[in-house]
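**Student:** Structure for this input, please:
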Amino acid sequence: MRPIIGITTYVLPANWGVWRDLPSALVPHDYVEAVRLAGGRAVLLPPDDLDADVLGRLDGLLLSGGPDVDPAHYGATTEPLTVTHPERDAAELVLLRAALDRDLPILGVCRGMQLLAVAAGGSLHQHLPDLVGHEKHRPAPGEYGEQTATFVPGSRIAALLGDDATINCFHHQGVADAGPLTVTGRAVDGVPEAIEDAERRFVLGVQWHPEVSRDQRLFGALVAAATGD
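**Tutor:** Purely as a prediction, here's the structure:
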């Protein structure tokens, strides 16, 4: 049986067929296809903060991208450009903390990386252009910013990506403090692009969007860890 990878989802108004603005649990299909191509079976996880029992049926957890994490979770006040979905935060933090307790393999993408940092006791920069002075991490609506990253030699992300340091970003927030997690990748401007927990079986966060290119190096590593390899 293929390893089952749970993917966290949005709840947003969506349109299809005759339906308009229907509240829907959804996620870009790129995540699902990336997991499938890597040999996993994707299962979508709508926000549900009642418990984390579903983890008993999962082999791995993929924290997808999405809206900003509520700054209240890292002791900050909400700034004007921060847009939150509190129901996602509540549900995903329940799942994430329980998954860490179980040592379940975890891959965090964009928001997912930021959530990993926050759950570990870290904090975020709420609007990167105020810090770095440019918009290269999110150049325009629906447009990814292509950048070059550097990775720490010997880290998991360096082993997975090798000499390929090109990343495609779409985010306006970033990790300010990764807590006990290790920052193993940075953009040219110093913004963290990868974080890891070397003490666990597989805990990796990346700030870019590997699902868009269906990067089998990252999703293959998640599925391999979920398989026990």
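**Student:** Which elements pack onto the longest helix anywhere in the chain?
**Tutor:** Longest helix of the chain, by residue count under DSSP state H: helix 86-102. Contacts defined by 3 or more C-beta pairs under 8 Å, 6 or more residues apart in numbering; DSSP states H and E place helix 86-102 against strand 4-8, strand 10-16, strand 60-63, strand 106-109, helix 111-119. Backbone N, C-alpha and C define where each C-beta goes, glycine included.
**Student:** the strands in this protein, which residues?
**Tutor:** Ranges of strands in the chain, per DSSP state E, are 4-8, 10-16, 19-26, 41-45, 60-63, 106-109, 123-125, 145-151, 166-169, 174-177, 182-187, 192-196, 203-206.
**Student:** quick revisit: who's in contact with the longest helix of the chain?
**Tutor:** 6, 8, 10-11, 45-49, 51-52, 54-55, 61, 63, 66-67, 69-70, 73, 106, 115-116, 118-119, 200, 203 (C-beta atoms under 8 Å, 6 or more residues apart in numbering).
**Student:** one step back: could you tell me the least trusted of the helices and strands packed on helix 86-102?
**Tutor:** Note on those: lowest mean pLDDT is at strand 10-16, with a mean of 95.
**Student:** Mind listing residues that contact it?
**Tutor:** Contacts for strand 10-16 (C-beta under 8 Å, 6+ apart): 21-27, 46-47, 64, 66-67, 85, 87-88.
**Student:** switch to 7 Å and redo it
**Tutor:** D21, L22, P23, S24, A25, L26, V27, P46, P47, G66, E87 (C-beta atoms under 7 Å, 6 or more residues apart in numbering).
**Student:** Neighbouring strands of it in the sheet, and parallel or not?
**Tutor:** Using DSSP bridges, the strands paired with strand 10-16 are strand 19-26 (antiparallel).
**Student:** Report the angle between the partner strand and strand 41-45.
**Tutor:** On the basis of axes from the mean of the first three to the mean of the last three C-alpha atoms, to 10 degrees, strand 19-26 is oriented at 120 degrees to strand 41-45.
**Student:** the inter-axis angle of strand 19-26 versus strand 4-8?
**Tutor:** Using the same axes, to 10 degrees: strand 19-26 against strand 4-8 is 130 degrees.
**Student:** What's the mean pLDDT across strand 19-26?
**Tutor:** Across strand 19-26, the per-residue pLDDT values average to 96.
**Student:** How confident is the prediction for A120, by pLDDT?
**Tutor:** 97.
**Student:** Enumerate every residue touching it.
**Tutor:** The contact partners of A120, by C-beta under 7 Å, 6+ apart, come to A178, G179, P180, L181.
**Student:** From R36, how far off is the closest residue to H137 other than its chain neighbours?
**Tutor:** Ranked by C-beta to C-beta, 6 or more residues apart in numbering and with sequence neighbours excluded, the top spatial neighbour of H137 is C169, at 4.8 Å. In this view, C169 and R36 are 24 Å apart by C-beta to C-beta, to the nearest Å.
**Student:** Of the two, give the one with the bigger neighbour count.
**Tutor:** C169 (24 against 17; other C-beta atoms under 10 Å).
**Student:** Right, I'll call it a day here.
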